[in-house]
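> Below are the sequence and a predicted model for it; my questions follow.
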Amino acid sequence: MKFFTLSARRLVLLIGCVVCSGLASARAVDDHSADPAYARYYQQQVNWGGCPPSLFTDGSTIQCALITVPNDWADPSHGDITIGISRPLSSPSHTRLLLVNAGGPDNSSASQAEMLEQLQPQIMVDHLVVGVDLRGITDGLGTQVSCDYAQRSGTENFMDGDSRNPTVASVRSQQNWWGRSIDTCLRQHATFLKGINTPNHARDLNLVRAVLGFPRADLFGVSSGSSLMAYASRMFPVRFERVVLDSNMNWLHLDWQRQGLKRMAMDQLNVQQAFIPFIARHDDQFHMGTTPQQVMTTFQRIYQATSHHRMGSVTPDQALGSLDGTGMWVFWDLLVSPSLSAMSQALDGDPTHIAAAEQIAAMTFADLRNQPSFNPMADVLQCNDSGSTDPRRIAQKIADVRTYWAIGASTVVDPCQHWPWRPALDRTLESRTKVSALMVQNEFDPSTPYSEALKDRLENGPAARMVLVNNATTHGVMFDDNACTTNAEFAYLNSGAMPARDVVCQAKPMHSFAMQDTKTYEYGYPAAGWWLPPPPNIHQVNWLLVP
């Protein structure tokens with residue numbers, strides 16, 4: 001190791017730079033709390049009531065309420081909308097507020113907060129836990145819109161139910177269909193949709209904090225929620241103190257499309273190196289073979305049977321859609337195992353088995369050919385934030401779909417092509433501020449790759465610390481009861497004790513509710529002590545699926 005000797009003058013300059021950086025980080029933007037034009041938002045009363053059931057929870061242990069926010073924080077004359085928030089039905093005494101966002105970005109934060117309270121009840125030792133929904137989400141409360149899809153020509157990439165086998169003409173046709181769909185939607189709901197962006201979401205969080213009567217709050221963001229909470233801490237560093245970011249996007253320079261491209265390769269690697277071997281170890285649940293090669297052969301047979309319409313109405317996209325749940329173990333018993341098992345049994349041509357496969361396939365994957373309308377929130381958020389940044393030509397997109405067949409087709413259409421508004425993210429704010437946060441991350445996370453989280457950690461410097469779960473293969477650290485990660489998280493959340501250096505925890509064997517492994521394995525670089533290892537080599541992807 002090299003040691004450098006600094007002159008006194010250089011040392012003074014270096015200290016000055018650190019101080020200046022700290023001052024830049026502490027300088028907040030105006031939250032309009034002292035502006036009479038915004039007084040009605042800050043002075044509103046919160047009326048708590050029941051919660052609707054959501055994806056993971058039934059809402060029975062929480063209360064929900066609606067908060068009124070301006071459509072456009074820059075100009076409240078553009079009207080109001082509402083967002084949903086939640087809190088526990090019975091909460092112990094607390095001195096701190098924890099605001100939770102579920103990511104997705106279209107996931108219910110009420111549901112996420114309720115799960116967090118159930119899985120990790122120590123989070124309520126000193127905190128009132130409040131889930132805060134993003135604007136416009138489908139799976140939650142608050143103002144929403146629905147838009148009709150444009151008429152289909154029949155030549156779009158998904159029209160045969162096999163998006164993984166595109167042509168140049170079909171990709172162009174699908175892009176045109178999406179453009180017509182979103183253009184009409186934007187014309188109908190322009191004022192509302194223009195306000196769906198991360199800076200406005202961050203202002204909404206700050207308003208919730210104020211309305212609930214807390215001078216400061218802590219933040220917990222999962223998946224894409226990590227980018228929201230990181231940005232909120234940049235905007236309001238004095239208001240938001242202890243920030244936990246679970247399963248990190250590249251929030252250093254938030255770019256939704258480039259994040260999707262990174263996810264595409266990592267998801268494929270995880271399916272190949274982690275989940276297919278897991279399926280082979282649990283043939284009693286999946287019925288696809290006892291070796292990875294046998295599992296892949298069975299899946300190839302399923303894919304071709306659906307391509308040739310030999311499995312009733314089950315489409316190739318529905319078969320592949322089963323794999324889109326492999327990143328989170330909570331789906332393995334609920335959707336992935338039942339759907340793959342039913343499809344493997346339906347290979348025998350038995351009408352009873354085919355009917356069972358059709359039923360579970362319809363639950364697993366929404367067939368775009370049968371969908372009349374859509375909630376535009378998730379696409380609009382990404383386009384408003386960072387715009388169109390995918391540099392690939394159509395030929396490269398097609399090649400990527402065939403290499404990264406698990407989810408590669410999701411990146412074929414550019415939802416932000418010809419977007420009418422400039423990106424809302426403040427790149428100057430990103431460049432001049434640091435995010436003080438505790439990052440928790442699984443090494444082989446297929447949805448928010450460790451490679452991007454590591455960039456956040458290294459370039460953010462000493463303001464952040466990472467708790468890495470070595471050899472962990474799933475998405476969402478909060479879903480696993482790992483004492484190493486929870487000890488670090490709650491030492492920070494409950495007492496403000498940030499680890500002195502990065503922490504490397506060891507993963508438990510892969511498991512779900514019904515399936516337990518007895519060993520862990522390694523397909524990345526070995527971790528050494530507390531040193532963070534390099535991210536896994538995505539060029540290991542080499543298992544192809546033949547149409």
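Looks like it came in fine.

> how much distance is there from stretch 427-445 to the middle of the chain?
15 Å (CA atoms, centre = their mean, to the nearest Å).

> Report the buried residues of it.
430, 433-445 (16 or more other CB atoms under 10 Å). The C-beta positions use only the backbone N, C-alpha and C, and glycine is treated the same way.

> Then stretch 375-394?
Neighbour count says stretch 375-394 has 375-387, 389-390 buried, by 16+ other CB under 10 Å.

> same check, this time on stretch 519-538
523-524, 527, 532-533, 535-536, 538.

> ranges for the strands of the stretch 51-200 of the chain?
In the stretch 51-200 of the chain, the segments counted as strands under DSSP state E, counting those that start in this stretch are 62-70, 80-88, 96-101, 127-132, 147-148.

> Now tell me what touches the shortest one from outside.
Just to be clear, that refers to strand 147-148. 181-182, 184-185, 188-189, 372-376 (CB atoms under 8 Å, 6 or more residues apart in numbering).

> Name only those of the residues you listed that count as buried.
181-182, 185, 189, 374-376.

> thinking again about what came up before, got the strands of the stretch 51-200 of the chain as TSV, with distance to Gln272 and mean pLDDT columns?
Below are the strands of the stretch 51-200 of the chain laid out as TSV (distance: least, CB to CB, whole Å; pLDDT from 0 to 100):
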stretch	distance to Gln272	mean pLDDT
strand 62-70	39	96
strand 80-88	38	95
strand 96-101	31	96
strand 127-132	35	94
strand 147-148	36	98
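
> what's the spacing between the helix or strand hosting Arg301 and its chain's center?
Element membership for Arg301, per DSSP states H and E: helix 292-307. On the basis of CA atoms, centre = their mean, helix 292-307 sits 29 Å off its chain's mean C-alpha point.

> name the helices or strands packed onto whichever helix or strand comes after that helix?
Moving toward the C-terminus from helix 292-307, the next helix or strand (DSSP H and E) is helix 316-321. With contacts defined as 3 or more CB pairs under 8 Å, 6 or more residues apart in numbering; DSSP states H and E, helix 316-321 has these neighbours: helix 292-307, helix 351-364.

> Tell me which residues touch the closest residue to Gly321 other than its chain neighbours, please.
Excluding its sequence neighbours, the residue lying closest to Gly321 (CB to CB, 6 or more residues apart in numbering) is Phe365, at 2.9 Å. Phe365 makes contact with 315, 317-318, 320-322, 324 under the criterion CB under 8 Å, 6+ apart.

> Closest one of the residues you listed to Pro237?
Asp324 (36.4 Å; CB to CB).

> I'd guessed that closest one sits against Ala409; true?
No - with contact defined as CB atoms under 8 Å, Asp324 does not reach Ala409; the gap is 10.5 Å.

> Quick check, Pro420 in contact with Arg187.
No - between Pro420 and Arg187 there is no contact under CB under 8 Å: 9.7 Å.

> what's the spacing between Pro376 and Gln188?
10 Å (CB to CB, to the nearest Å).

> which residues are common contacts for these two?
145, 147.

> picking up where we left off before, for the contacts of Phe365, which one is nearest Leu128?
Taking those together and measuring to Leu128 by CB to CB, the closest member is Asp324, at 34.5 Å.

> Quick one: residues contacting that closest one.
365, 406-407.

> And for Asn384?
Per CB under 8 Å, 6+ apart, neighbours of Asn384: 193-194, 196-197, 419, 421, 423-424.

> can you tell me which of these are in helices?
Helix and strand membership here follows DSSP state H; of the contacts of Asn384, those in helices are 193-194.

> So among the contacts of Asn384, which ones count as buried?
193-194, 196-197, 419, 423-424.

> quick revisit: between the contacts of Asn384, which is nearest Gln300?
Taking those together and measuring to Gln300 by CB to CB, the closest member is Trp419, at 38.7 Å.

> Need the three-state assignment for the closest residue to that closest one other than its chain neighbours.
Among residues not flanking Trp419 along the chain, Cys383 sits closest, at 4.8 Å (CB to CB, 6+ apart). Here Cys383 is helix, with the state taken from DSSP: H, G, I helix; E, B strand; the rest coil.

> Show the contacting residues for Cys383.
Cys383 touches 415-416, 419, 421, counting by CB under 8 Å, 6+ apart.

> farthest pair in those?
The two members of these with the most space between them (CB to CB) are Pro415 and Trp421, at 13.5 Å.

> Lowest-confidence one in the contacts of Phe365?
Model confidence across the contacts of Phe365 bottoms out at Asp324, which has 88.

> Could you measure from that one over to Leu99?
Distance from Asp324 to Leu99, by CB to CB: 28 Å.

> before we move on, what about Arg203?
In terms of CB to CB, Arg203 sits 13 Å off from Leu99.

> And those two? Which one has more around it.
Leu99 (27 against 22; other CB atoms under 10 Å).

> these two touch, right, that one and Leu207?
No - using CB under 8 Å, Leu99 makes no contact with Leu207, being 10.8 Å away.

> Show me where the stretch 1-150 of the chain dips below the pLDDT cut-off.
1-28, 55-56 (pLDDT under 70).

> make that the stretch 151-300 of the chain, sorry
For the stretch 151-300 of the chain (pLDDT under 70), the answer is none.

> so what's Arg203 up against?
Here Arg203 is in contact with 31, 69, 73, 235 (criterion: CB under 8 Å, 6+ apart).

> what about it, which helix or strand?
Counting by DSSP H and E, Arg203 is part of helix 198-211.

> Pull up the pairing partners for the helix or strand following that helix, direction included.
Downstream of helix 198-211, the next assigned helix or strand under DSSP H and E is strand 217-222. Using DSSP bridges, strand 217-222 pairs in its sheet with strand 96-101 (parallel), strand 240-246 (parallel).

> How about the first one, which residues are buried there?
This points to strand 96-101. Here strand 96-101 shows 96-101 as buried, counting by 16+ other CB under 10 Å.
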